[in-house]
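A.B. asks: Model the following, please.
(one chain, ligands or ions: 2)
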Amino acid sequence: MLSFVIPAKNEEDSVEILYKEIERVSNEVKKEYEIIFVDDGSTDSTFETLKKLQSRDKKIKIIRHRGNWGKSIALQNGFDKARGDIIFTLDADLQDNPADIPDFLKKLDEGYDLVSGWKKKRLDPQFGKVIPSRIVNFLARTLTGVKIHDTNCGFKAYRREVIKNLNLYGELYRFIPIIAAKQNFKVGEVPVTHRPRKFGKTKF
Ligand code: UDP
Ligand code: MG
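C.D. replies: Ligands and ions are numbered 1, 2, ... in the order given. This is a model prediction of the structure:
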(Lines give C-alpha, C1' and ligand atoms only; values in the text may rest on other atoms or scores of the structure.)
(Ligands and ions follow the chains in the order given, each with its own letter.)
Protein backbone atom coordinates (compact mmCIF):
# COMPACT_ATOMS: atom_id res chain seq x y z
CA MET A 1 0.00 0.00 0.00
CA LEU A 2 1.10 3.53 -0.80
CA SER A 3 0.54 6.51 1.48
CA PHE A 4 0.81 10.01 0.05
CA VAL A 5 1.58 12.74 2.58
CA ILE A 6 0.92 16.21 1.22
CA PRO A 7 1.51 19.43 3.20
CA ALA A 8 -0.72 22.25 2.00
CA LYS A 9 -0.86 25.84 3.05
CA ASN A 10 -3.23 27.94 0.95
CA GLU A 11 -3.34 25.65 -2.07
CA GLU A 12 -7.09 25.82 -2.78
CA ASP A 13 -6.76 25.76 -6.58
CA SER A 14 -4.29 22.87 -6.69
CA VAL A 15 -5.44 20.14 -4.28
CA GLU A 16 -8.28 18.72 -6.37
CA ILE A 17 -6.18 18.52 -9.55
CA LEU A 18 -3.37 16.88 -7.58
CA TYR A 19 -5.78 14.38 -6.03
CA LYS A 20 -7.00 13.34 -9.49
CA GLU A 21 -3.47 12.98 -10.84
CA ILE A 22 -2.45 10.77 -7.91
CA GLU A 23 -5.60 8.67 -8.25
CA ARG A 24 -4.88 8.05 -11.93
CA VAL A 25 -1.23 7.06 -11.47
CA SER A 26 -1.95 4.87 -8.39
CA ASN A 27 -4.51 2.95 -10.42
CA GLU A 28 -2.04 2.60 -13.30
CA VAL A 29 0.59 1.05 -11.03
CA LYS A 30 -2.13 -1.12 -9.49
CA LYS A 31 -1.49 -0.19 -5.87
CA GLU A 32 -3.83 0.42 -3.00
CA TYR A 33 -3.34 3.89 -1.57
CA GLU A 34 -4.38 6.59 0.86
CA ILE A 35 -3.84 10.32 0.51
CA ILE A 36 -3.13 12.28 3.68
CA PHE A 37 -3.45 16.02 3.22
CA VAL A 38 -2.03 18.12 6.02
CA ASP A 39 -3.65 21.54 6.02
CA ASP A 40 -0.98 23.69 7.63
CA GLY A 41 -3.10 26.62 8.81
CA SER A 42 -4.60 27.61 5.47
CA THR A 43 -6.62 30.81 5.45
CA ASP A 44 -8.17 30.19 2.02
CA SER A 45 -10.66 27.44 1.15
CA THR A 46 -8.10 24.58 1.09
CA PHE A 47 -9.72 22.81 4.06
CA GLU A 48 -13.28 23.13 2.69
CA THR A 49 -12.11 21.82 -0.69
CA LEU A 50 -10.42 18.84 0.97
CA LYS A 51 -13.56 18.10 3.02
CA LYS A 52 -15.60 18.07 -0.16
CA LEU A 53 -13.17 15.64 -1.81
CA GLN A 54 -13.17 13.44 1.29
CA SER A 55 -16.96 13.17 1.25
CA ARG A 56 -16.60 11.55 -2.20
CA ASP A 57 -13.51 9.44 -1.51
CA LYS A 58 -12.71 7.89 1.86
CA LYS A 59 -9.13 7.22 0.76
CA ILE A 60 -8.55 10.89 1.56
CA LYS A 61 -7.51 11.70 5.13
CA ILE A 62 -7.18 15.24 6.43
CA ILE A 63 -5.06 16.57 9.25
CA ARG A 64 -5.72 20.21 10.07
CA HIS A 65 -3.27 22.32 12.02
CA ARG A 66 -4.74 25.09 14.20
CA GLY A 67 -2.07 27.39 12.85
CA ASN A 68 0.83 27.53 10.44
CA TRP A 69 3.23 25.09 12.12
CA GLY A 70 5.57 24.62 9.18
CA LYS A 71 6.51 21.88 6.76
CA SER A 72 8.47 19.66 9.20
CA ILE A 73 5.55 19.31 11.62
CA ALA A 74 3.16 18.83 8.68
CA LEU A 75 5.25 15.96 7.31
CA GLN A 76 5.78 14.41 10.75
CA ASN A 77 2.06 14.45 11.57
CA GLY A 78 1.32 12.94 8.17
CA PHE A 79 3.95 10.21 8.71
CA ASP A 80 2.47 9.39 12.13
CA LYS A 81 -0.88 8.69 10.47
CA ALA A 82 0.43 6.90 7.36
CA ARG A 83 -0.32 3.17 7.09
CA GLY A 84 1.45 2.34 3.82
CA ASP A 85 4.57 0.21 3.34
CA ILE A 86 5.78 2.94 1.00
CA ILE A 87 5.22 6.58 1.81
CA PHE A 88 5.43 9.34 -0.76
CA THR A 89 5.62 13.04 0.00
CA LEU A 90 4.69 15.64 -2.61
CA ASP A 91 4.18 19.37 -2.50
CA ALA A 92 0.53 20.37 -2.91
CA ASP A 93 1.15 23.10 -5.48
CA LEU A 94 1.40 20.83 -8.59
CA GLN A 95 5.12 21.56 -9.01
CA ASP A 96 5.76 17.83 -8.39
CA ASN A 97 4.33 15.59 -11.11
CA PRO A 98 2.69 12.32 -10.00
CA ALA A 99 3.60 10.88 -13.44
CA ASP A 100 7.07 10.32 -11.92
CA ILE A 101 5.73 7.93 -9.25
CA PRO A 102 6.67 4.75 -11.23
CA ASP A 103 10.31 5.93 -11.42
CA PHE A 104 10.43 6.18 -7.61
CA LEU A 105 8.90 2.72 -7.21
CA LYS A 106 11.43 1.24 -9.62
CA LYS A 107 14.29 2.76 -7.65
CA LEU A 108 12.89 1.42 -4.35
CA ASP A 109 12.70 -2.01 -6.02
CA GLU A 110 16.41 -1.74 -6.78
CA GLY A 111 16.97 -1.82 -3.01
CA TYR A 112 16.90 1.81 -1.94
CA ASP A 113 15.18 2.77 1.34
CA LEU A 114 14.67 6.44 0.51
CA VAL A 115 14.45 7.90 -2.97
CA SER A 116 14.65 11.66 -3.22
CA GLY A 117 13.52 13.68 -6.24
CA TRP A 118 16.08 15.74 -8.11
CA LYS A 119 14.69 18.80 -9.85
CA LYS A 120 17.31 18.78 -12.62
CA LYS A 121 15.56 21.59 -14.50
CA ARG A 122 14.11 23.68 -11.73
CA LEU A 123 11.29 25.96 -12.85
CA ASP A 124 11.52 28.60 -10.14
CA PRO A 125 13.00 32.12 -10.07
CA GLN A 126 16.78 31.89 -10.76
CA PHE A 127 18.03 34.32 -8.11
CA GLY A 128 15.44 33.73 -5.40
CA LYS A 129 15.56 29.93 -5.46
CA VAL A 130 17.76 28.13 -7.95
CA ILE A 131 21.15 29.65 -7.09
CA PRO A 132 20.66 29.64 -3.26
CA SER A 133 19.55 26.02 -3.52
CA ARG A 134 22.68 25.06 -5.51
CA ILE A 135 24.85 26.63 -2.80
CA VAL A 136 23.01 24.86 0.05
CA ASN A 137 23.20 21.52 -1.76
CA PHE A 138 26.89 21.96 -2.53
CA LEU A 139 27.61 22.69 1.14
CA ALA A 140 25.44 19.80 2.30
CA ARG A 141 27.25 17.40 -0.07
CA THR A 142 30.75 18.50 0.91
CA LEU A 143 30.08 18.80 4.66
CA THR A 144 28.21 15.53 5.09
CA GLY A 145 29.57 13.36 2.29
CA VAL A 146 26.01 12.38 1.31
CA LYS A 147 25.93 12.65 -2.48
CA ILE A 148 22.50 14.12 -3.14
CA HIS A 149 21.85 16.97 -5.60
CA ASP A 150 18.56 18.26 -4.22
CA THR A 151 18.14 17.37 -0.55
CA ASN A 152 15.14 19.69 -0.05
CA CYS A 153 13.00 18.35 -2.93
CA GLY A 154 9.45 17.85 -1.62
CA PHE A 155 8.92 14.76 -3.78
CA LYS A 156 10.30 11.65 -2.06
CA ALA A 157 9.48 7.99 -1.52
CA TYR A 158 10.29 6.15 1.71
CA ARG A 159 10.18 2.63 2.98
CA ARG A 160 8.24 2.53 6.21
CA GLU A 161 11.34 1.89 8.40
CA VAL A 162 12.78 5.23 7.31
CA ILE A 163 9.83 7.35 8.45
CA LYS A 164 9.69 5.42 11.73
CA ASN A 165 13.15 6.76 12.49
CA LEU A 166 12.42 10.41 11.69
CA ASN A 167 11.47 13.06 14.20
CA LEU A 168 11.05 16.22 12.16
CA TYR A 169 10.78 19.74 13.50
CA GLY A 170 12.06 23.21 12.59
CA GLU A 171 14.03 23.21 9.33
CA LEU A 172 14.90 19.49 9.41
CA TYR A 173 12.64 18.64 6.47
CA ARG A 174 15.29 20.19 4.22
CA PHE A 175 17.87 17.57 5.18
CA ILE A 176 15.94 14.30 5.38
CA PRO A 177 18.20 12.38 2.92
CA ILE A 178 21.22 13.28 5.05
CA ILE A 179 19.51 12.21 8.30
CA ALA A 180 18.48 8.89 6.74
CA ALA A 181 21.93 8.27 5.21
CA LYS A 182 23.53 8.86 8.62
CA GLN A 183 21.15 6.21 9.99
CA ASN A 184 22.62 3.82 7.39
CA PHE A 185 19.57 3.70 5.18
CA LYS A 186 20.32 3.37 1.47
CA VAL A 187 19.51 6.74 -0.07
CA GLY A 188 19.16 7.36 -3.81
CA GLU A 189 17.70 9.94 -6.14
CA VAL A 190 15.69 10.12 -9.37
CA PRO A 191 15.37 13.11 -11.71
CA VAL A 192 11.84 14.55 -11.60
CA THR A 193 9.91 16.78 -13.96
CA HIS A 194 9.46 20.01 -12.06
CA ARG A 195 6.54 22.20 -13.13
CA PRO A 196 6.18 25.95 -12.64
CA ARG A 197 3.82 27.01 -9.86
CA LYS A 198 0.48 27.68 -11.56
CA PHE A 199 -1.76 28.80 -8.68
CA GLY A 200 -1.10 30.68 -5.44
CA LYS A 201 2.38 31.75 -4.37
CA THR A 202 5.51 30.38 -2.74
CA LYS A 203 5.69 30.31 1.06
CA PHE A 204 9.48 30.47 1.26
N1 UDP B 1 3.84 24.45 2.99
C2 UDP B 1 3.28 24.13 4.22
N3 UDP B 1 3.53 24.95 5.30
C4 UDP B 1 4.34 26.03 5.20
C5 UDP B 1 4.92 26.33 3.96
C6 UDP B 1 4.67 25.51 2.87
O7 UDP B 1 2.55 23.15 4.33
O8 UDP B 1 4.51 26.72 6.21
C9 UDP B 1 3.58 23.58 1.83
C10 UDP B 1 3.08 24.31 0.58
O11 UDP B 1 1.68 24.46 0.61
C12 UDP B 1 3.56 23.39 -0.53
C13 UDP B 1 4.89 22.88 0.03
O14 UDP B 1 4.84 23.04 1.44
O15 UDP B 1 2.68 22.30 -0.70
C16 UDP B 1 6.09 23.62 -0.54
O17 UDP B 1 5.90 25.02 -0.42
P18 UDP B 1 6.16 26.06 -1.60
O19 UDP B 1 5.62 25.50 -2.88
O20 UDP B 1 5.64 27.38 -1.17
O21 UDP B 1 7.74 26.08 -1.66
P22 UDP B 1 8.67 26.27 -2.97
O23 UDP B 1 8.27 25.22 -3.98
O24 UDP B 1 8.38 27.65 -3.50
O25 UDP B 1 10.06 26.11 -2.44
MG1 MG C 1 6.38 24.93 -4.71
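A.B. asks: Spell out which parts of the chain neighbour ligand 1.
C.D. replies: 7-9, 11, 40, 68, 70-71, 74, 91-93, 95, 154, 202-204 (C-beta under 6 Å from any ligand atom). C-betas here are computed from N, CA, C, even on glycine.
A.B. asks: Restricting to the residues you listed, which residues neighbour ligand 2?
C.D. replies: 91, 93, 95 (C-beta under 5 Å from the ion).
A.B. asks: Could I get the full set of helices for this protein?
C.D. replies: For the chain, applying DSSP state H gives helices covering 15-28, 46-56, 71-81, 101-109, 131-144, 160-164, 176-182.
A.B. asks: Just send these back as JSON lines, with mean pLDDT and distance to T193 too.
C.D. replies: Listed next are those as JSON lines, based on pLDDT from 0 to 100; distance: least, C-beta to C-beta, whole Å:
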{"stretch": "helix 15-28", "mean pLDDT": "98", "distance to T193": "12"}
{"stretch": "helix 46-56", "mean pLDDT": "98", "distance to T193": "24"}
{"stretch": "helix 71-81", "mean pLDDT": "98", "distance to T193": "21"}
{"stretch": "helix 101-109", "mean pLDDT": "98", "distance to T193": "10"}
{"stretch": "helix 131-144", "mean pLDDT": "91", "distance to T193": "17"}
{"stretch": "helix 160-164", "mean pLDDT": "98", "distance to T193": "24"}
{"stretch": "helix 176-182", "mean pLDDT": "96", "distance to T193": "19"}
